[in-house]
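Novice: Provided below are the primary sequence and the corresponding predicted coordinates.
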Amino acid sequence: MKCLQRNPDIVWRHEKRREQEILKALEGGEDVSDRGSVILIISGMMHQLNLVGGAVWDLCDGSRTLDQIVDEMARDFDVEREILREDVEEFVNDLVERGWLAHV
């Protein structure tokens with residue numbers, strides 16, 4: 001199976017301090033689904049990935065397959081592995097269609 005790799009033409013950064021704020025809000029029971037910690041600049045436009053999307057993005061460094069990414073995320077997220085796999089696969093497929101990720 002092929003590994004997933006971010007498009008090298010995309011400028012991005014992971015905002016760790018923002019991520020800590022989101023995790024703190026999550027622990028407090030707040031809805032954080034629209035808060036992002038990974039910022040992408042694509043064709044001059046800024047995009048934001050939420051906490052889970054940012055985690056997937058971070059792991060798509062060209063060294064892991066989809067299943068390896070799911071395995072790593074399963075350690076951090078309290079959700080059934082099959083449900084996690086479906087969600088990650090849907091997200092990855094969307095980013096592949098956009099040209100933001102590629103199977104290498």
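Specialist: All right, it came through fine.
Novice: tell me the phi and psi of E30?
Specialist: With angles defined as degrees, to the nearest 10, E30 sits at phi -80, psi 150.
Novice: check which helices and strands the helix ranked longest in the chain sits against.
Specialist: Longest helix in the chain by number of residues (criterion: DSSP state H): helix 81-98. Judged by 3 or more CB pairs under 8 Å, 6 or more residues apart in numbering; DSSP states H and E, helix 81-98 is in contact with helix 51-59, helix 66-74, strand 101-103. Where C-beta positions appear, they are placed from N, C-alpha and C, glycine not excepted.
Novice: go again with 10 Å.
Specialist: strand 3-6, strand 45-50, helix 51-59, helix 66-74, strand 101-103 (3 or more CB pairs under 10 Å, 6 or more residues apart in numbering; DSSP states H and E).
Novice: how much space separates the nearest residue to V88 once chain neighbours are set aside from E89?
Specialist: Distance criterion CB to CB, 6 or more residues apart in numbering; nearest residue to V88, sequence neighbours excluded, is V70 at 5.4 Å. Separation of V70 from E89 (CB to CB, to the nearest Å) stands at 8 Å.
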